[in-house]
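Chemist: pasting the structure only:
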């Protein structure tokens, strides 16, 4: 990894810190969603013990930036 890439990852982490939702719950929910399709919010609610409430809708800016950094495009949500 070059110094420039390392510094860009440092800046990315400062802008979008990795919390438990993004390190554990969101990847697990995305994997489950990819395998079965459907809405992601119920999966997140279940994975977080029902604590997500109405706070998680679609993809957050951090989610979108992470997906973009990995060369992907977040899928469009239905509804």
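Modeler: Noted; the coordinates are in hand. Here the structure is a predicted model, which is why all the values come from computation and not from measurement.
Chemist: Residue 46 is in what secondary structure piece?
Modeler: helix 41-47 (DSSP states H and E).
Chemist: What average pLDDT does whatever helix or strand comes next after that helix get?
Modeler: The helix or strand immediately downstream of helix 41-47 is helix 61-69, counting by DSSP H and E. The predicted model assigns helix 61-69 a mean pLDDT of 78.
Chemist: quick one: low-confidence parts of this protein?
Modeler: Within the chain, the stretches with pLDDT under 70 are 47-58, 74-79.
Chemist: Just give me the residue closest to the centre of it.
Modeler: What sits nearest the mean C-alpha location of the chain, by Cα atoms, centre = their mean, is residue 63, with 3.7 Å.
Chemist: what's the distance between that one and residue 25?
Modeler: For residue 63, the distance to residue 25 (Cβ to Cβ, to the nearest Å) stands at 11 Å. Where you see a C-beta, it was placed from the backbone N, CA and C, and this is true even at glycine.
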